[in-house]
Each structure stands twice: as C-alpha cells, then as structure tokens.
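**Student:** Okay, predicted coordinates and the sequence, questions at the end:
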2 protein chains.
Amino acid sequence: MSDIQVQDTADFLKALGEFNRLSLVYRLCDCQSPQNAMCLCDCCSVDASVVSRHLKTLVQAGVLKQEKKGRERTYSLDRSRVAKELRELADRIETNIE
Amino acid sequence: MSDIQVQDTADFLKALGEFNRLSLVYRLCDCQSPQNAMCLCDCCSVDASVVSRHLKTLVQAGVLKQEKKGRERTYSLDRSRVAKELRELADRIETNIE
DNA sequence: GACACATTTGCACAAATATGCAAATATAAG
DNA sequence: CTTATATTTGCATATTTGTGCAAATGTGTC
C-alpha cells in the first residue's frame, strides 16, 4: 500500500474524527434532503464561520456533497462513498493474511 | 445519540486518522502474531519514543491490544473490535431514515 | 442600485498535536 | 549487582488545528 493511499485514508478518517464535524455528519444522516449551512449550525454550538470551515473540510474529504441553490449552499452525505470507504477498511483490518 | 457517544467515536476515528498511526495499523494488519515496538519502528521513520506514544494512543482508543512479554511489550490489532466499530458507522451512515 | 440574507475569508490566538533527544524506568542475562 | 536491551517519560519546540469576530463576497429581492 502506497504512502499516498495511506495518507488519503488517514485524511478521510481525520475529517470524521472531530466532535463538531462528526456531529454534522450524524445530523445529515437523519436528513432526507440536502440542508443548508445555517440550518446545520443548530447542531453544534460554534460560530457560523466555523461550521462553514468544517463543512468545507468534509466536502474536500469526500464525506459530503455540496450544491449551490441560489444564495444558499446545501450539503448532503455521500452515503455510499463513506460507507464503502469504511467497509473496505473494516474488511482489510479483519482479514488476517495467511 | 449522546455527546459522549459522538466524542468516543470521534476519538476512535481520530486515533486512526494520522499517517504514522495508520501505517502502524496496516503493518499489524499483515502480522499473524503480536509484534513488539522495536519491530514496528521499521514501518515509520520516526523516533522510537514517537512510535511508543502512537502505540499508546492506539491502545487507549481500543484499536490495539497490548501484552507484556518480558522486557518487551507486544501489540496486536483488535481486529473484530475495529471492524465492528467501522461497520456500525457505515451502517448508520448508509441507512436513510424514512 | 440599495438592501437583506447566506456564506466565506482574513486575522489573531489559544489549545492540541507530532516530534526528537536525553534521561529515567523496567527487566532479562551475566 | 552490573550490564545490556526495550520502552516510557520529561522537556522543548515547531506545526497544525479549532475557534470567534469583523469584513468581504455572493446572490436574491425590492
């Protein structure tokens, strides 16, 4: 496994491994439609600018998808992508190479 | 989901979300028997004391199991625990609550 | 264009983190 | 007990990261 692959996976996990960001993810987990940033602010008690930055981090890590809707931007979980990544890691770790 | 549960999961992911620590995990992935710290030093080019600290972090996060063997300490992946945690998260994220 | 609202960015700062080195500790072997 | 080896800890430090506030930007509405 190349260093770059390891780094990519580490970055993906790091994006999820912070309290406020994971709270945002769980919050979006329960939403059927994309949500805008203002709405997502409710779930963590930090400044809107901080939420904006966390959302950006999650988009860059491939956890969220972003859409422009007029003056708002809406966010939704990339459910299949995140689940796939986590399951691949789980499989890799559980498999004891003989 | 309680704040404490979110924090625990975030801490677990954060432990995995660092290059050298994830390298250690992948390295142990390919080992059938527990390895000592000196041996594990090979896989990341940092001081032994740094490896020691990373291993401690991973043990505290429940990723690794530690055993004392004479003057060495050996480490092994808690494969089932890690896989279970990752799969639970994957399931939660993939499931769109109707 | 003027205004309102949503979001991002620049800046400053505190806290957390990763790191290396040297010293301390633990323990096996002689 | 002394020595050698494995690991941890204390300390200093550079870097990264999370945060808030104010200003800037983008965009719809009047």
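**Tutor:** Sure, I can see it.

**Student:** Quick one: residues contacting the residue nearest to residue A:1 when sequence neighbours are not counted.
**Tutor:** Nearest residue to residue A:1 in three dimensions, chain neighbours excluded: residue B:26, at 5.9 Å (Cβ to Cβ, 6 or more residues apart in numbering or on different chains). Backbone N, C-alpha and C define where each C-beta goes, glycine included. Residue B:26 makes contact with A:1, A:6, A:92, B:43, according to Cβ atoms under 8 Å, 6 or more residues apart in numbering or on different chains.

**Student:** From these, pick the one nearest residue B:70.
**Tutor:** The shortest approach to residue B:70 among the contacts of residue B:26 belongs to residue B:43, at 22.5 Å (Cβ to Cβ).

**Student:** Excluding chain neighbours, what is closest to that closest one?
**Tutor:** Per Cβ to Cβ, 6+ apart, closest to residue B:43 is residue B:27, 4.2 Å.

**Student:** Just the local confidence number for that neighbour, please.
**Tutor:** At residue B:27, the predicted lDDT confidence score is 96.

**Student:** Kindly report the same for residue A:41.
**Tutor:** 93.

**Student:** What's the ChimeraX line that selects buried ones from the contacts of residue B:26?
**Tutor:** The buried residues among the contacts of residue B:26 can be selected in ChimeraX (16 or more other Cβ atoms under 10 Å in any protein chain shown) with this line:
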select /A:6,92 /B:43
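
**Student:** Output the contacts of residue B:26 as CSV; include the columns secondary structure and distance to residue A:16.
**Tutor:** Conversion of the contacts of residue B:26 to CSV gives the following (DSSP: H, G, I helix; E, B strand; the rest coil; distance: Cβ to Cβ, whole Å):
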residue, secondary structure, distance to residue A:16
A:1, coil, 20
A:6, helix, 16
A:92, helix, 17
B:43, helix, 24
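
**Student:** from the contacts of residue B:26, which two are the most distant?
**Tutor:** A:92 and B:43 (15.6 Å).

**Student:** Would you map the helices across chain A?
**Tutor:** A:3-16, A:19-29, A:37-40, A:48-60, A:79-94 (DSSP state H).

**Student:** Noted, bye for now.
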